[in-house]
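Student: here is my input; please provide its structure:
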Amino acid sequence: MKRGNKMKKQKRSRFFLWAALAIGVLLNTGLLAQEKFKGRLFPDAARGSQRALNIIISIDEYTSKQEVFQLIQTFHKSGYKQFREDLREMKKGTLRPVGGTGNQVVFHLAQYTPKGKGGEIILVGESQSWNLDSRRRHDNRFPYLVVELSFDEKGKGSGNIYLQADIRLTSEGIIEKASYNQPPRQIMGLESVK
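Tutor: Numbers count the residues shown, from 1 in each chain. Sure, this is the predicted structure:
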């Protein structure tokens, strides 16, 4: 009888160990992100925009380093066209205006970096996916829309939106903004939404 109880305890402890490992892997790859931020996108005075726009940024999942490595490998083996196709298949989150009409931006890459007690997030979508100004000319050298968020331990901070930017994927699995075509639009009053 004692031997049966001992085997049950061993099986139970193995199950909990495997469950803890699985949760750790899920958290590490970002599958359980589910974060949301709200903020105000300041007007672009240079283009005649007069009012701020309330926005919601939702992050469903973060890009793992393995996904970054896979994209780099795709670029080297199959070229830029296949890289872009694979990137477009990835859905990591969205940016949408609050109220009224407006296009939603789909983010294909999302990466979190801890900074002090807070953190930074970089999000990448298609530059043509959100046209804030129909007079704006698209420059093929800057094919991405990049959002950079910076926040404290309470989830409060600010951010920038680069409507036309280029990115770099590093051999360490990091996503970086490489260059951009024009000054960013500022996101003020950024805060985490529970």
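Student: low pLDDT regions in the chain?
Tutor: Low-confidence segments of the chain (pLDDT under 70): 1-33, 43-50, 100-102, 129-138.
Student: against which helices or strands is the lengthiest strand in it packed?
Tutor: In the chain, with assignment by DSSP state E, the single longest strand is strand 156-169. Here strand 156-169 touches strand 35-41, helix 65-78, strand 144-151, strand 175-180, strand 185-192, going by 3 or more Cβ pairs under 8 Å, 6 or more residues apart in numbering; DSSP states H and E. Every residue, glycine included, has its C-beta placed from N, CA and C.
Student: so which bits of that strand are buried?
Tutor: Using 16 or more other Cβ atoms under 10 Å as the test for burial, strand 156-169 gives G157, G159, N160, I161, Y162, L163, Q164, A165, D166, I167, L169.
Student: nearest to R51 among these?
Tutor: Comparing the buried residues of strand 156-169 against R51 with Cβ to Cβ places I161 closest, at 16.0 Å.
Student: what about the nearest residue to that closest one once chain neighbours are set aside, how many residues nearby?
Tutor: Nearest residue to I161 in three dimensions, chain neighbours excluded: R185, at 4.6 Å (Cβ to Cβ, 6 or more residues apart in numbering). R185: 19 surrounding residues under other Cβ atoms under 10 Å.
Student: in CSV, list the buried residues of strand 156-169 along with distance to T113.
Tutor: Below are those laid out as CSV (distance: Cβ to Cβ, whole Å):
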residue, distance to T113
G157, 13
G159, 14
N160, 15
I161, 18
Y162, 17
L163, 22
Q164, 23
A165, 18
D166, 19
I167, 15
L169, 15
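Student: which one of those sits closest to I55?
Tutor: Among the buried residues of strand 156-169, I161 lies closest to I55 (Cβ to Cβ), at 8.8 Å.
Student: what residues of stretch 106-119 count as buried?
Tutor: Residues of stretch 106-119 classed as buried by neighbour count (16+ other Cβ under 10 Å): V106, F107, H108, L109, A110, Q111, Y112, G119.
Student: report the central residue of this protein.
Tutor: By Cα atoms, centre = their mean, the mean C-alpha position of the chain lies nearest to A110, the distance being 2.2 Å.
Student: fine by me, we can end here.
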